[in-house]
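Visitor: Okay, predicted coordinates and the sequence, questions at the end:
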Amino acid sequence: MESNQYLSMFIDESKEHLQALNDNMLELENNPTNIQIVQDIFRSAHTLKGMSATMGYEDLASLTHEMENVLDLVRNEKLAMNEAIFDILFKSLDALEAMVNDIIEGGEGKLDVQDIVRTLQAVSTGTSPATTNRQQERNAPSIGTSDLDPYQRSIVEHSLHTGYHVYAIRVSLRADCVLKAARAYMVFDLLERNGEIVKSIPAVQEIEQEQFDRSFKVHYITRLERKELRDLILDISEIESAELESIELSSTVNNEKEKSAQDQGTPKQGATTERKSSATDGSGKQQQAGGRTIRVDIERLDALMNLFSELLIDRVRLEQLAMEVEKQELTETVEHMARVSSDLQNIVLKLRMMPVETVFNRFPRMIRDLSKNLNKKVELIVSGAETELDRTVVDEIGDPLVHLLRNALDHGLEETSDRIQSGKPENGKIYLRAYQSGNHVFIEIEDDGRGIQRDKVLRKAVQNGIVANDEAERMSDRDVYQLLFASGFSTADIISDISGRGVGLDVVKSKITSLGGNVSVDSTPGAGTKFTVQLPLTLSIITAMLIRLGDEKFAIPISSVVETALITKEEIRTVYGSNMINFRDNIVPLVDLAHILDVPNTSFDAEQQEISVVIVHKGEKMAALIVDEFISQQEIVLKALGDYLNRVFAVSGATILGDGQVALILDTNALIK
């Protein structure tokens with residue numbers, strides 16, 4: 001019973017630690033000598049082992065214990081990381097994730113991990129070819145960097161990795177030197193013209209004020225060789241000596257080891273997945289920040305949103321009643337309630353918002369594994385991960401993004417040999433971006449690959465009967481690329497004919513459409529392809545324009561509205577049998593909304609002088625909807641129609657108005673073809 005009580009906490013924290021392990025392993029793979037990252041990985045593994053043992057999940061605990069043994073050797077510099085060790089550790093993480101997922105689904109978290117455990121044991125005992133002794137490296141002559149702080153050490157380490165020389169230089173002036181500060185300035189000027197000074201002892205200000213004896217020390221980064229640099233310094237008059245010692249990579253590692261050994265202890269519960277934060281702040285501030293957050297069950301948030309939705313409906317009703325009664329005290333009270341409820345609405349909506357980072361975090365590891373399988377060199381560049389979306393959308397958007405990323409890597413990027421032949425860098429790039437614009441969040445997946453070939457797409461579309469020959473010739477490039485989302489493209493032939501661009505994309509589009517969004521694609525042959533996913537910021541409360549058709553009221557999401565207008569019958573033109581109007585130099589179709597929705601008693605008459613229209617858009621396409629009356633713009637609560645009415649054309653839901661009437665919410669995307 002006690003284990004069940006803490007199960008949800010175990011699952012949440014296990015997922016956090018697994019994400020931290022994956023992130024840090026990817027970072028360590030790019031910087032395999034950084035012992036601080038190894039320390040962070042070790043702590044996460046240690047905490048996960050303790051939690052698993054406490055909850056009784058022995059397979060989880062035994063696997064993390066063997067991972068600890070390997071990591072302990074690495075952090076003590078008895079073992080060097082190499083590709084084989086990375087592979088077995090990543091394989092261990094996959095097994096841990098599988099066991100945690102089994103626990104989430106109600107299982108006991110059991111998995112046959114004996115092969116992985118034996119491989120880890122072979123690595124830790126030195127019987128595996130993956131192990132290497134670092135004794136020779138530790139014995140290499142070097143000078144310490146104890147004078148440097150962690151940031152300066154990281155600069156030194158990065159410079160060493162990129163081929164620069166790093167020297168500790170001690171310059172001594174002659175005893176009869178009169179202007180010590182001037183001579184020191186000449187040395188500093190020489191050094192700054194040929195490299196970068198990391199640190200000076202004493203500080204530069206003290207040297208300028210001659211607050212030093214006859215010598216000073218600098219840590220210095222340069223491309224110059226030791227003898228050339230020493231000769232340049234000694235060429236300055238009144239310099240008695242210049243001692244240069246090279247700082248080697250092993251010395252920075254040893255100092256990191258000494259520093260990190262002081263930080264060891266009981267791992268903090270609820271460890272963060274941001275490695276940089278834990279590395280740069282040892283003052284306990286991070287723990288304090290962790291205490292300011294709590295976990296809330298999702299069902300409670302949903303209940304809170306439902307209650308607030310009812311409150312919002314009653315608020316609108318009260319505002320309408322106050323206008324009818326016209327009593328000042330009531331009006332003032334209702335206005336105050338409206339202000340308070342607006343603030344409350346913002347808080348409730350923010351509680352439901354989650355950064356897309358929770359989805360993006362799993363993609364670097366996926367790209368890493370897939371690129372190794374495909375033998376392609378790929379760089380995933382992520383930006384805007386802090387962009388927030390409604391929790392419901394975040395939960396559902398993962399699979400479509402996985403498919404689009406796989407598509408970009410597998411079929412968008414060329415083989416390495418093809419990239420080199422076409423003059424491109426051998427490392428392909430995939431950009432994953434997220435940003436907010438208005439009431440929408442946009443997620444872009446862009447590659448610098450071969451692009452989409454229009455002719456092949458059209459040829460296959462005609463072959464499958466999706467478009468006719470004459471229609472195909474008139475289609476723009478963007479319309480052609482949209483054909484990739486047609487279900488007719490989900491055939492095996494596509495893999496060779498058009499590089500697999502269409503396989504399964506119909507599923508991606510239907511999923512995104514079900515979330516109230518849409519997806520588009522742009523491509524430049526030979527330069528790459530970009531998929532753009534547009535998603536609503538929230539699915540619960542939206543701003544809408546209320547309109548009247550006959551005796552019925554409808555709501556149009558304000559995000560779809562371009563503007564409202566009054567047109568005269570002289571402005572209506574007939575093109576190919578359809579009514580059109582000229583709107584800002586664009587020919588826009590005129591849609592008789594009452595006729596499409598079969599609404600009786602509407603006042604539209606082709607002979608009337610002025611007609612009210614709402615201009616709506618879907619991407620770059622627009623339409624003018626004929627309405628009887630514009631009522632108002634207000635925030636409405638989106639309610640589902642239920643299982644029996646889930647396929648009503650051009651209707652996405654309903655809302656309850658202030659007068660108690662039900663108004664249908666129009667899906668304008670369905671009206672624009």
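Guide: Cool, got the structure.
Visitor: averaged over its residues, what pLDDT does stretch 559-567 have?
Guide: Averaged over stretch 559-567, pLDDT sits at 88.
Visitor: what's the answer for stretch 480-492, then?
Guide: In this model, stretch 480-492 carries a mean pLDDT of 67.
Visitor: One more: stretch 14-22?
Guide: 86.
Visitor: what domains does the record give for this protein?
Guide: Annotated domains of the chain cover 2-136, 150-247, 299-350, 357-536, 541-671 [automatic domain parsing].
Visitor: CSV for these, including mean neighbour count?
Guide: C-beta here means a position set from N, CA and C on the backbone, and glycine is covered the same way. Shown next, in CSV, are the domains of the chain (neighbours: other Cβ atoms under 10 Å):
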stretch, mean neighbour count
domain 2-136, 18
domain 150-247, 16
domain 299-350, 14
domain 357-536, 18
domain 541-671, 16
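Visitor: for the stretch 301-450 of the chain, what spans make up the strands?
Guide: Ranges of strands within the stretch 301-450 of the chain are 353-355, 378-383, 388-390, 428-437, 440-447, based on DSSP state E, counting those that start in this stretch.
Visitor: low-confidence ranges in the stretch 101-250 of the chain?
Guide: In the predicted model, the stretch 101-250 of the chain carries pLDDT under 70 at residues 126-147, 149-151, 249-250.
Visitor: all strands for it, in order.
Guide: Under the criterion DSSP E, counting those that start in this stretch, the stretch 101-250 of the chain carries strands at the ranges 165-173, 195-201, 215-222, 239-246.
Visitor: Neighbouring strands of the shortest one in the sheet, and parallel or not?
Guide: Right, the one you point to is strand 195-201. Looking at strand 195-201 with DSSP bridges, its partner strands are strand 215-222 (antiparallel).
Visitor: Need the CA coordinates for the partner strand. PDB is fine.
Guide: Output of strand 215-222 as PDB, limited to C-alpha atoms (Å, rounded to 0.1, in the frame of the first residue of the first chain):
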ATOM      1  CA  SER A 215      57.000  39.500 -11.500                       C
ATOM      2  CA  PHE A 216      53.500  38.700 -12.600                       C
ATOM      3  CA  LYS A 217      51.800  35.600 -14.000                       C
ATOM      4  CA  VAL A 218      49.300  35.200 -16.800                       C
ATOM      5  CA  HIS A 219      47.300  32.300 -18.200                       C
ATOM      6  CA  TYR A 220      47.400  32.700 -22.000                       C
ATOM      7  CA  ILE A 221      45.800  31.200 -25.100                       C
ATOM      8  CA  THR A 222      47.600  31.500 -28.500                       C
END
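Visitor: For residue 85, find the nearest of the strands of the stretch 301-450 of the chain.
Guide: For residue 85, the closest of the strands of the stretch 301-450 of the chain is strand 378-383, at 21.9 Å, according to Cβ to Cβ.
Visitor: hey, C-alpha coordinates of stretch 54-66 in PDB?
Guide: The C-alpha trace of stretch 54-66 is given here as PDB (Å, rounded to 0.1, in the frame of the first residue of the first chain):
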ATOM      1  CA  THR A  54      13.300   1.300  -2.300                       C
ATOM      2  CA  MET A  55      10.300   0.600  -4.500                       C
ATOM      3  CA  GLY A  56      11.400  -3.100  -5.100                       C
ATOM      4  CA  TYR A  57      12.300  -2.900  -8.800                       C
ATOM      5  CA  GLU A  58      15.400  -5.100  -8.700                       C
ATOM      6  CA  ASP A  59      16.100  -5.200 -12.400                       C
ATOM      7  CA  LEU A  60      16.200  -1.400 -12.500                       C
ATOM      8  CA  ALA A  61      18.400  -1.300  -9.400                       C
ATOM      9  CA  SER A  62      20.900  -3.900 -10.600                       C
ATOM     10  CA  LEU A  63      21.300  -2.300 -14.000                       C
ATOM     11  CA  THR A  64      21.900   1.200 -12.600                       C
ATOM     12  CA  HIS A  65      24.400  -0.300 -10.100                       C
ATOM     13  CA  GLU A  66      26.500  -1.700 -13.000                       C
END
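Visitor: Quick check: end-to-end length of stretch 565-579?
Guide: By Cα to Cα, to the nearest Å, the extent of stretch 565-579 from end to end equals 16 Å.
Visitor: Just the residues contacting that stretch, thanks.
Guide: 580-583, 587, 589-590, 592, 606-613, 615, 624 (Cβ atoms under 8 Å, 6 or more residues apart in numbering).
Visitor: change it to 10 Å
Guide: Applying Cβ atoms under 10 Å, 6 or more residues apart in numbering, the contact partners of stretch 565-579 are 580-584, 587, 589-592, 605-615, 624, 626, 630.
Visitor: what about the residue sitting nearest the centre point of the chain, distance to residue 354?
Guide: Nearest to the centroid of the C-alpha atoms of the chain, with distances taken as Cα atoms, centre = their mean, sits residue 385, at 3.1 Å. Distance, residue 385 to residue 354, using Cβ to Cβ, to the nearest Å: 11 Å.
Visitor: With residue 370 instead?
Guide: Distance from residue 370 to residue 354, by Cβ to Cβ: 25 Å.
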